[in-house]
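Engineer: give me coordinates for this.
(one chain, ligands or ions: 2)
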Amino acid sequence: MQNTTRLIATSLITLTVFTSKPILNAHSQSGDPLVFKPVLADLKLLKAANIPVLYKDEETQVGYAVLNHAAENALSDMAHAAGRCGNFEALDEMPRDLISVREQLQALNTYNKRNQILSFSQVGAMAERVEITEALAQLDANKIRNTVEFLSSFPTRYNRGANPNSHIQPFMDRLAEIAKQANYPIHIETIDHKSTPQKSIKLTIQGSTRPSEIIVLGGHLDSISGFMGMGGKAPGADDNASGSSSLVEALRVLTLQPQPERTIEFYWYAGEESGLLGSAEIAKQAKADNKDIIAVLQLDMTMFPGDGVLKVASMTDFTSRWLRDYLVAANDTYFHATVQEDKCGYGCSDHASWYRQGFPTLFPTESKFASSFQDIHTPKDVISPVMSFEHAKFFSKVALTMAMDLGNSEQRQPY
Ligand code: BES
Ligand code: ZN
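Structural biologist: Numbering: from 1, shown residues only. Ligands and ions are numbered 1, 2, ... in the order given. This is a model prediction of the structure:
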């Protein structure tokens, strides 16, 4: 059920991208529009679906193809049969020529190599710092619950809803209340988007000594229910009031600490459920502005302990080896949870937007993909006794540690 819903949602995104920018809007004899979609996909998948590969990168095993409806359906079916929703990425626009396809594939290849560098020796064991241990102990699971209650009480936070920003100002008021505690200035702003009328929220803690070095902590604030948001109420408690609220609790405790040396940027993204819309624009802009982004943490789905309380997953696709090792080291020193590696199998959340622009990313989530909460994108995604705010607190710990440890160190991905 979950897979089917998300398969439809994923196809829809592809469809939306390309109906808003039709590539070739020829009409067949029956009058149906023929829309062609350029994609990057797993070579094996393309082969299995019998789709001609126009260009391929042997190293990453990624191929470029242009899909018509039949080919798209065939690819979706194959991907679905493999237990995944996607495993192919729609390209933003039709590449100019095969040279630009090669450039895109090579860029992806470069990011992949850079991000998979064996770097554990450089991460090594994490030395405990008592101020971090003490700060972690101040995180409060009840406060996470309170924020999830607040966010999931809006009928929907859907980016294509009649009122896509109804939750934005009330949520920002809560952030402002927290920001007041800090003895340094905190900047809170909304970010307008071209691809959606919904706004993202950005909160900045300027670094005291190295403000140009940035640590990004984010999650999506929007929710969805059903196909095109037609499934009624979208409380989105686990997906993703939970990750958003884990971030708020990390922020609360962070504001009680001395100002970090590096800049910490918190984001609550718009329109993730319609295709990573807010984060895609934000990450593209960061790349265009040549920002020195040290790390990007994505929190999406943090409170359903599908594999057991404090048994979490760290996704290996669209994330960086260095930061995954960093998480393991931090877990050994501070969290003492069980971290299992797993994959979404496609760009399932906003970290993929940053990864595609070449930034180092980390995506820890509530459980392995297969055991994650099954009622997301339905009115049943609500707080219930199966949820655990102790589990959600683990993710606040990750965010707080990245802000306090990485935020006060010289460490960065070894390029
Ligand atoms: N929170 C989900 C992604 C997710 C699901 C992560 C299960 C871990 C376990 C996210 O909000 C989502 O729904 N993503 C879409 C894809 C996106 C490109 C619209 C999905 O999974 O279909
Ligand atoms: Zn979702």
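
Engineer: distance of the residue positioned nearest the centre of the chain from Leu151?
Structural biologist: For the chain, the residue nearest the mean C-alpha position is Asp350 (2.6 Å; CA atoms, centre = their mean). When distance is defined by CB to CB, to the nearest Å, Asp350 is 17 Å away from Leu151. (Glycine included, C-beta is placed from N, CA and C.)

Engineer: one more: Tyr269?
Structural biologist: Look at Tyr269 and Leu151: by CB to CB, they are 14 Å apart.

Engineer: same question, Lys397
Structural biologist: Computed as CB to CB, the Lys397 to Leu151 distance reads 20 Å.

Engineer: which residue ranges of the stretch 251-400 of the chain form helices?
Structural biologist: 277-288, 321-330, 351-356, 389-404 (DSSP state H, counting those that start in this stretch).

Engineer: output the last one as PDB, restricted to C-alpha atoms.
Structural biologist: The one in question is helix 389-404. As requested, the backbone C-alpha atoms of helix 389-404 are provided in PDB (Å, rounded to 0.1, in the frame of the first residue of the first chain):
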ATOM      1  CA  PHE A 389       9.600  10.500  21.700                       C
ATOM      2  CA  GLU A 390      12.700   8.900  23.300                       C
ATOM      3  CA  HIS A 391      13.400   7.500  19.800                       C
ATOM      4  CA  ALA A 392      12.800  11.000  18.300                       C
ATOM      5  CA  LYS A 393      15.200  12.400  20.900                       C
ATOM      6  CA  PHE A 394      18.100  10.400  19.400                       C
ATOM      7  CA  PHE A 395      17.800  12.600  16.300                       C
ATOM      8  CA  SER A 396      17.900  15.800  18.400                       C
ATOM      9  CA  LYS A 397      21.100  14.400  19.800                       C
ATOM     10  CA  VAL A 398      22.600  14.000  16.300                       C
ATOM     11  CA  ALA A 399      21.600  17.600  15.400                       C
ATOM     12  CA  LEU A 400      22.900  19.000  18.700                       C
ATOM     13  CA  THR A 401      26.200  17.100  18.500                       C
ATOM     14  CA  MET A 402      26.800  18.300  14.900                       C
ATOM     15  CA  ALA A 403      26.200  21.900  16.000                       C
ATOM     16  CA  MET A 404      28.300  21.700  19.200                       C
END
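
Engineer: list the contacts of the residue of the stretch 151-300 of the chain found nearest ligand 2.
Structural biologist: Distances between the stretch 151-300 of the chain and ligand 2 by CB to the ion are smallest at Asp239, namely 4.2 Å. By CB atoms under 8 Å, 6 or more residues apart in numbering, Asp239 lies in contact with Ser223, Asp300, Met301, Phe373, Ile376, His377, Asp381.

Engineer: out of those residues, who's the most crowded?
Structural biologist: Neighbour counts for these (other CB atoms under 10 Å) peak at Ser223, which has 31 neighbours.

Engineer: any idea which element it lies in?
Structural biologist: Under DSSP states H and E, no helix or strand contains Ser223.

Engineer: how about the secondary structure of the closest residue to Pro164 other than its chain neighbours?
Structural biologist: If the residues on either side of it in the chain are set aside, Pro164 comes closest to Gln198, at 4.0 Å by CB to CB, 6 or more residues apart in numbering. Following DSSP: H, G, I helix; E, B strand; the rest coil, Gln198 is assigned to coil.

Engineer: Gln198 - how many residues pack around it?
Structural biologist: The tally of other residues near Gln198 (other CB under 10 Å) stands at 27.

Engineer: next up, phi/psi of it, please.
Structural biologist: phi -80, psi 150 (degrees, to the nearest 10).

Engineer: how far away is it from ligand 1?
Structural biologist: Distance, Gln198 to ligand 1, by CB to the nearest ligand atom, to the nearest Å: 14 Å.

Engineer: please report how far that residue lies from Ser223.
Structural biologist: Gln198 is 11 Å from Ser223, where distance means CB to CB.

Engineer: surely Pro38 is within a strand?
Structural biologist: Yes - Pro38 forms part of a strand when assessed by three-state DSSP.

Engineer: so that it lines up with my notes, have the first residue be 45 from now on.
Structural biologist: All set: I'll call the first residue 45, so the last point we hit is now Pro82.

Engineer: partners of it in the sheet?
Structural biologist: Applying DSSP bridges to Pro82 gives these bridge partners: Val110.

Engineer: tally of neighbours for it?
Structural biologist: When neighbours are counted by other CB under 10 Å, Pro82 registers 20.

Engineer: all set, thanks.
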